[in-house]
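A.B. asks: missing the sequence, but the structure's below:
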C-alpha cells in the first residue's frame, strides 16, 4: 500500500516467479560475502517478518550478514518486540519520517531508531518524480534537531542532478524505483545489471559534486 | 482477556487484534480522524445531525420482516429479516458513510475517496459526496467493475469518478491499496472514507459505531415482535461491517448466538474461497492485525467469491477477537448455497437479496434446521440484489440468448 507502479510490478513478477523470504536472505548472504564492508539492509512490509517470526528473522538476517531493516509500515508504537529482537542481534532498525510528522513525533521516532533515519521527501508512494519535493530540506532540518543519526532522503530521486540537490542538505540519498525500473526495462538480466551499474555511477557522481 | 464489550483499548486493540500498522505519512491523518471522531461523539449537534439524516434521508428505522414461507425451508425456525436493503442506496453502507461524511466536513476537507467491492459502499459514498457537495473518487477492482456494472453507472450518475484498479487480483484488496496510495498523496484535502470495520485504528471502532444502529433497532424490534431475544443473529462477513453493526448490541446477551457467514466460494477445501476466519491465520493486512489468507511467507493469498463484497482475504479485527474469545462463531457458505438462498428468498417472499446477504440467508437455513421450529433467528439482510442481476442471470440462465447478449453488452 506504499508502493508505486514500478515496485508493485517488480513485486508481482518476483512473487509469481516463486521468490520466497529465504531467497531474500540468501541474496543478502551473497551480497555481503562479496562486499563485506558495505552494510546491507532489508526493506520489507511488516507481515513477512511477523510471519517468519520476529526473533527468528532477526537471527537469520544477522547470520546472513545483514546490517538491519527498514520497516515502513511498522510504526514505533508497534515495534517494541522487534526492536528487542533486532538489538539482540546487533541489527539496526531504520524508521521512516514524513513531511507530515510533527516535531514531537519526530523525537519519539528518532529516539527508537538506529542506523540512520529515512526521510520521505514527499507525501506519496515510491516512484521516480520530476522534482524532489521542497518539503525534504525542512524535514531533514527538523529531524536533525532531534537526533545525531544520519538523515537520508528518499522517494522520487532518480538522477544525478536530484542526487546532488539532496546531498547538499542530507547525509545520504536513497534510490529504489529508478534501479528497479532499469531492470524492468532491460531486455536481458545482463543488460539490466549494466543499466544498474551505469545509474549507480551517475548517482555517485551527483552525490560527490556537492 | 479483554472484556468483549469494552474494546478496543486506547491503541485500537481488540485483545490481540487491531492496532495501527501504517506508513508514517498517514499517521497524522489517521490521528486527525481519531481526534475528530472523539470530539464529534461528544458533540450533541453531531449526533443530532446524523440522526436526522438517518431518519429523513436514509429512511431509518429499517423494518423487521417475518419471512414465513422462507422459514418453512429452515426447519420451521422463525426467521426475521432486518431490512437494511430498504435503506436509501440499497444497503447498510449508508449508515457509516453519512457519519464519516459529517466528520469530513468537520475536518474541513472537501474530497472523499473510497474503495468498493460490490459497489454498495462506493454508491453510498458517491451519494454522500453529492449531498454534501464534495469531490469523490471511488477505487474499484476491474473485475468488480464488470460484475457490478450497474453500480459503476450509479456512481458516475452521482458525479463520482470511478477508477478501475488493474493491479493484483483486480478486486477489493487491490482497490483498498489504491485508495491508500491516493490518500498518502492528497491527505490535506482528502478523507479516506473507509467502508468496513477493518483498517488502522480508529476505523474498525468508528465504522462499527456508525453501524451499531442496526443492532440497536433490531434488538428492540425483535423483543417487541416476539417478546424475547433471538436464539441467533446471523450476518455475512467480508470485511464485516454489517455483521459488527448487527452483532454489537447483542454481545452482552450471552444466550444469543452470534453467527458470521463467510464466503466459501467453490469450497473451503479448494483454494478458491474467501473464508478468512475459517482458513486464515493471524497477520497484518491493510493497517491492522487480524486473520489473513496468507501463504507461509506472509504473502496475501488471492481470495475468491461470487460475491464481490465478500471477496477479501482479510477481516475486521473485532471479528478476529470475537472468534478467538468464542463469543461469535464463523461458518463458511459456498457460492452455490448462497445463490440457492438468493433464489429461494426471491421466490418465497418477493425479496431479491444481494449475493452478499444471500450468504447470511443460507447460513440461517442451515442454522434453522439445527435449532428446530421453536427457534427465532434474526438475519441481517444487508443489501438488495438489483446490482447482482447480471451475475444471477448468467448463473441461472434467466435470459434468452439475445437478452443475455444485451445484458453482457451493457457491462
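C.D. replies: Perfect, I can see it now. Just so we're clear, the structure is a prediction, and the values are computed from it rather than from any experiment.
A.B. asks: Surely residue B:354 and residue B:92 touch.
C.D. replies: No: the pair residue B:354 / residue B:92 is not scored as a contact, 10.1 Å apart, by C-beta atoms under 8 Å. From N, CA and C alone the C-beta is placed, and that goes for glycine too.
A.B. asks: With neighbour numbers in mind, choose between the two.
C.D. replies: For residue B:354 and residue B:92, the more surrounded residue by other C-beta atoms under 10 Å in any protein chain shown is residue B:92, and the numbers stand at 32 against 29.
A.B. asks: unless I'm mixing things up, that one is touching residue B:382, no?
C.D. replies: Yes: between residue B:92 and residue B:382 there is a contact under C-beta under 8 Å: 4.9 Å.
A.B. asks: Find residues that contact each of these two.
C.D. replies: Common neighbours of residue B:92 and residue B:382 (criterion: C-beta atoms under 8 Å, 6 or more residues apart in numbering or on different chains): B:84, B:242.
A.B. asks: per-residue confidence at residue 110?
C.D. replies: Using chain A here. We have a pLDDT of 98 for residue A:110.
A.B. asks: Not quite, go with chain B.
C.D. replies: The model reports residue B:110 with a pLDDT of 97.
A.B. asks: Nearest residue to it in space, ignoring adjacent ones along the chain?
C.D. replies: residue B:134 (5.2 Å; C-beta to C-beta, 6 or more residues apart in numbering or on different chains).
A.B. asks: And for residue B:283?
C.D. replies: Leaving aside its chain neighbours, residue B:283 sits nearest to residue B:292 (3.9 Å; criterion: C-beta to C-beta, 6+ apart).
A.B. asks: Overlap in contacts, residue B:354 and residue B:92.
C.D. replies: Listed as contacting both residue B:354 and residue B:92 by C-beta under 8 Å, 6+ apart are B:382, B:383.
A.B. asks: Just give me the neighbour total for residue 75.
C.D. replies: Let's take chain A. 25.
A.B. asks: Oops, wrong one, chain B.
C.D. replies: 16.
A.B. asks: That one and residue B:371 touch, don't they?
C.D. replies: Yes: the criterion here is C-beta under 8 Å, and residue B:75 meets it with residue B:371 at 7.2 Å.
A.B. asks: thought residue B:263 was touching residue B:357?
C.D. replies: No: contact criterion C-beta under 8 Å: residue B:263 and residue B:357 do not qualify, at 11.7 Å.
A.B. asks: what about the two, which has more around it?
C.D. replies: residue B:357 (34 against 30).
A.B. asks: Could you report the distance from the closest residue to residue B:215 other than its chain neighbours to residue B:171?
C.D. replies: With sequence-adjacent residues excluded and distances taken as C-beta to C-beta, 6+ apart, residue B:215 is closest to residue B:249, at 3.8 Å. From residue B:249 over to residue B:171 the distance is 31 Å, taken as C-beta to C-beta, to the nearest Å.
A.B. asks: again with residue B:284
C.D. replies: Where residue B:171 is concerned, residue B:284 sits at a distance of 20 Å (C-beta to C-beta).
A.B. asks: what's residue B:264 in contact with, if anything?
C.D. replies: Contacts of residue B:264 by C-beta under 8 Å, 6+ apart are B:273, B:274, B:275, B:278, B:332, B:333, B:334, B:335, B:337.
A.B. asks: so which of these comes closest to residue B:214?
C.D. replies: Distance to residue B:214 across the contacts of residue B:264 (C-beta to C-beta) is lowest for residue B:333, with 20.2 Å.
A.B. asks: burial of the closest one, as a residue count?
C.D. replies: Neighbours of residue B:333 using other C-beta under 10 Å come to 27.
A.B. asks: List phi and psi for it.
C.D. replies: Phi and psi for residue B:333, reported as degrees, to the nearest 10, are phi -140, psi 130.
A.B. asks: Thought residue B:363 was touching it, still the case?
C.D. replies: Yes: the criterion here is C-beta under 8 Å, and residue B:333 meets it with residue B:363 at 5.6 Å.
A.B. asks: can you list residues touching both of the two?
C.D. replies: By C-beta under 8 Å, 6+ apart, the residues touching both residue B:333 and residue B:363 are B:236, B:261.
A.B. asks: about what we covered before: any residues in contact with both of residue B:263 and residue B:357?
C.D. replies: Shared contacts of residue B:263 and residue B:357, defined by C-beta under 8 Å, 6+ apart, comprise residue B:236.
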